[in-house]
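1. Just to be clear, the model below is a prediction. Sequence and coordinates:
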2 protein chains.
Amino acid sequence: MGELDLELQKSISRGGWKQDPAGVQLNILAVATSEFAANGLSGARMDEIAAKTRTSKRMIYYYFGDKEGLYRRVLEEAYRKVREGERDLDLDHLSPVEALTRLAEFTFDHHSSNPNFIRLVMIENIHHGAYIRQSELIGRLNAGAIEKLETICRRGKKAGVFREDVDPLELHWQISALSFFNVSNRATFSLIFGDRLYSAGGQETLRQHVVKTVLRFAVKADQAP
Amino acid sequence: MGELDLELQKSISRGGWKQDPAGVQLNILAVATSEFAANGLSGARMDEIAAKTRTSKRMIYYYFGDKEGLYRRVLEEAYRKVREGERDLDLDHLSPVEALTRLAEFTFDHHSSNPNFIRLVMIENIHHGAYIRQSELIGRLNAGAIEKLETICRRGKKAGVFREDVDPLELHWQISALSFFNVSNRATFSLIFGDRLYSAGGQETLRQHVVKTVLRFAVKADQAP
DNA sequence: ATACGAATTAACCAGCTCGTTCAAAGTTCT
DNA sequence: AGAACTTTGAACGAGCTGGTTAATTCGTAT
């Protein structure tokens, strides 16, 4: 009986199936992303990933070679999506101060709503960036990652509202640090100090203060609002 | 010959040996700390830890029960050491501004020179703080973790140099965010944007700016230096 | 239609990893 | 002296895990 069902099932599923290489790969990547983000590279299980896929383990190896290959592709896709999101953020029609405000807000919000990306970056840092280093795609992708900030800074200095010695890279570092930490250390921070800062109101306050902090860092003291 | 050496070795080491439970445990914890910090909980190998110990795997299980028990103790020790370091940082004889400066500098430097602690916290956040949650020691330990900042804030407000609405917890969040990110994301950041910020000079600049940023956040606008 | 490469399936395997077990002996405390 | 604790050393095994083998079906260019 059990056997009969099994045989039936088999013949049915063997019967008709459509090819969908792109879809299968996307599906695998989506599942793998959350699994790696949840458990890390060594913590993730290929069998588990395969099980949550609409396809089989064999297909993962067929398309991605091995575990590390899959992880590398997951990383690349994650970075690609982030850059894609940043792309259509046009700041050129805004004043330097407004543009910087908008960029900081965007970064804070983006990180906040993409914890999986944050977790992948954390994991990659645990590995000392060993896999990002291998990816020439990510290198290419991020080459122009601070272009926007460089433009803002140039305009801000020209307009006389930004300090002359403000460094776009350091500015990016500050925005990243505050926005990243907010997500990356949420678990330990709220366990130790309570989750007051992670309530809806707490996050709103934090967001405003991050923007204010960044602006104060870039804008001349006498030009402050 | 090989056999003979082995027998000799055995009889010698079997001969006289001192008991040193505390020392053995410390040794295990030290090795386990760097292994877990380097490879994460799932990435670390008990055999590898045992091999780098002056004792045997058997003793690890004797003292710590299982892998997670060992990991928990490693975490606890790491947090305990940090709090111990903070303890003899007496800020009460300094002015509020000086005290805040000193605390920010200390945090930045401490994190900078304790990457293993940072990595353990990163790893623990990957686990959503599942193991810190289990430790009542760490809860007790960190209960008074922001006491110092509360004192500083109280004194700063009383003296009229700090903003009235400055929140000690948020201040701690800011200091932590900037100091933590500096270490935690060093690998990916310098791979993508170059290691200019991580040169000796870059770090000195960063440190000064972190302090400045924190001060600007707490101190009244008209009281700024 | 048919040949051929791409896509898919299911079962399988070798090695690793955590944790255990056994047998013995030395040390410290009381 | 005796009880309780600490240390040694080696082997082992059950289950998991990454990766593979072999066979089958689909899409399509000729």
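-> Yep, it's here.
2. In contact with the residue nearest the centre of chain A, which residues are there?
-> Residue closest to the average C-alpha location in chain A (Cα atoms, centre = their mean): A:Phe117, at 3.0 Å. With contact set as Cβ atoms under 8 Å, 6 or more residues apart in numbering or on different chains, A:Phe117 has these partners: A:37, A:78, A:81-82, A:111. The way it works is simple: take the backbone N, C-alpha and C, and place the C-beta from them, glycine included.
3. Skip ahead from the helix or strand of chain A with the lowest mean pLDDT and say which helix or strand is next.
-> When the helices and strands of chain A are scored by mean pLDDT, DSSP states H and E, helix A:2-15 comes last with a mean of 33. Going down the chain from helix A:2-15, the next helix or strand is helix A:21-43, by DSSP states H and E.
4. I'd like the domain boundaries of chain A, if you could list them.
-> In terms of domains, chain A is parsed into A:20-65, A:79-220 (source: automatic domain parsing).
5. if we can go back for a sec, closest one of the contacts of A:Phe117 to chain B?
-> Nearest to chain B among the contacts of A:Phe117: A:Ala37, at 8.9 Å, using Cβ to the nearest Cβ.
6. Please list all residues in contact with the nearest residue to A:Thr107 once chain neighbours are set aside.
-> With sequence-adjacent residues excluded and distances taken as Cβ to Cβ, 6 or more residues apart in numbering or on different chains, A:Thr107 is closest to A:Ser179, at 4.7 Å. Contacts for A:Ser179 (Cβ under 8 Å, 6+ apart) come out as A:104, A:107-108, A:110-112, A:210.
7. For the residues you listed, give me CSV that also has pLDDT, neighbour count and distance to B:Val166.
-> Shown next, in CSV, are those (pLDDT from 0 to 100; neighbours: other Cβ atoms under 10 Å in any protein chain shown; distance: Cβ to Cβ, whole Å):
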residue, pLDDT, neighbour count, distance to B:Val166
A:Ala104, 97, 23, 20
A:Thr107, 97, 21, 24
A:Phe108, 98, 23, 20
A:His110, 97, 17, 27
A:His111, 98, 22, 24
A:Ser112, 98, 16, 23
A:Val210, 98, 23, 15
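8. Of those, which belong to strands?
-> Among the contacts of A:Ser179, no residue falls in strands (DSSP state E).
9. If we only consider the residues you listed, which is nearest to DNA strand D?
-> When the contacts of A:Ser179 are ranked by distance to DNA strand D (Cβ to the nearest atom of the strand), A:His111 comes first, at 28.1 Å.
10. Might you report the residue contacts of the closest one?
-> Listed by Cβ under 8 Å, 6+ apart, the contact partners of A:His111 are A:117-118, A:179-180, A:182-183.
11. again, 6 Å this time
-> Contacts for A:His111 (Cβ atoms under 6 Å, 6 or more residues apart in numbering or on different chains) come out as A:118, A:179-180, A:183.
12. Go through those and single out the one with the most neighbours.
-> Neighbour counts for those, by other Cβ atoms under 10 Å in any protein chain shown, peak at A:Ser179, which reaches 26 neighbours.
13. State the pLDDT value of that one.
-> Per-residue confidence (pLDDT) for A:Ser179: 98.
14. and it, what element?
-> Here A:Ser179 is assigned to helix A:168-184, by DSSP H and E.
15. tell me which residues in the next helix or strand after that helix are buried?
-> For helix A:168-184, the succeeding helix or strand toward the C-terminus, using DSSP H and E, is helix A:186-193. Going by neighbour count (16 or more other Cβ atoms under 10 Å in any protein chain shown), the buried part of helix A:186-193 is A:186-193.
16. And stretch A:157-171, by the same measure?
-> Of all the residues in stretch A:157-171, those buried under the rule 16+ other Cβ under 10 Å are A:157, A:161-162, A:166-171.
17. avg pLDDT for that stretch?
-> The predicted model assigns stretch A:157-171 a mean pLDDT of 97.
18. Convert that stretch to PDB, retaining C-alpha atoms only.
-> Extracted as PDB, the C-alpha positions of stretch A:157-171 are listed here (Å, rounded to 0.1, in the frame of the first residue of the first chain):
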ATOM      1  CA  LYS A 157      32.100  72.300   0.100                       C
ATOM      2  CA  LYS A 158      31.600  74.500  -2.900                       C
ATOM      3  CA  ALA A 159      28.400  75.900  -1.400                       C
ATOM      4  CA  GLY A 160      30.400  76.600   1.800                       C
ATOM      5  CA  VAL A 161      28.100  74.600   4.100                       C
ATOM      6  CA  PHE A 162      30.400  71.600   4.500                       C
ATOM      7  CA  ARG A 163      33.700  71.600   6.400                       C
ATOM      8  CA  GLU A 164      36.600  71.700   4.000                       C
ATOM      9  CA  ASP A 165      38.400  68.700   5.600                       C
ATOM     10  CA  VAL A 166      35.400  66.300   5.500                       C
ATOM     11  CA  ASP A 167      36.400  63.000   4.000                       C
ATOM     12  CA  PRO A 168      33.700  61.200   1.900                       C
ATOM     13  CA  LEU A 169      35.100  57.800   2.800                       C
ATOM     14  CA  GLU A 170      35.000  58.600   6.500                       C
ATOM     15  CA  LEU A 171      31.500  60.000   6.200                       C
END
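19. Pull the residues that contact that stretch.
-> Stretch A:157-171 has contacts (Cβ under 6 Å, 6+ apart) with A:96, A:146, A:149-150, A:153, A:156, A:218-220, A:223, B:193.
20. try 8 Å
-> Stretch A:157-171 is contacted by residues A:95-97, A:100, A:146, A:149-150, A:152-153, A:156, A:214, A:217-220, A:223, B:193, B:196-197, B:205-206, B:209 when judged by Cβ under 8 Å, 6+ apart.
21. what does stretch A:200-219 give?
-> Taking Cβ under 8 Å, 6+ apart as the rule, stretch A:200-219 contacts A:97, A:100-101, A:104-105, A:108-109, A:112, A:153, A:156, A:161-163, A:166, A:171, A:174-175, A:178-179, A:182, A:195-197, A:224, B:170, B:173-174, B:209, B:213, B:216-217.
22. go on, stretch A:90-99?
-> With contacts defined as Cβ under 8 Å, 6+ apart, stretch A:90-99 is touched by A:102-103, A:148, A:151-153, A:155-156, A:159, A:161-162, A:215, A:219.
23. For those residues, give me JSON lines that also has secondary structure.
-> JSON lines is the format used below for the contacts of stretch A:90-99 (DSSP: H, G, I helix; E, B strand; the rest coil):
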{"residue": "A:Arg102", "secondary structure": "helix"}
{"residue": "A:Leu103", "secondary structure": "helix"}
{"residue": "A:Lys148", "secondary structure": "helix"}
{"residue": "A:Thr151", "secondary structure": "helix"}
{"residue": "A:Ile152", "secondary structure": "helix"}
{"residue": "A:Cys153", "secondary structure": "helix"}
{"residue": "A:Arg155", "secondary structure": "helix"}
{"residue": "A:Gly156", "secondary structure": "helix"}
{"residue": "A:Ala159", "secondary structure": "coil"}
{"residue": "A:Val161", "secondary structure": "coil"}
{"residue": "A:Phe162", "secondary structure": "strand"}
{"residue": "A:Leu215", "secondary structure": "helix"}
{"residue": "A:Val219", "secondary structure": "strand"}
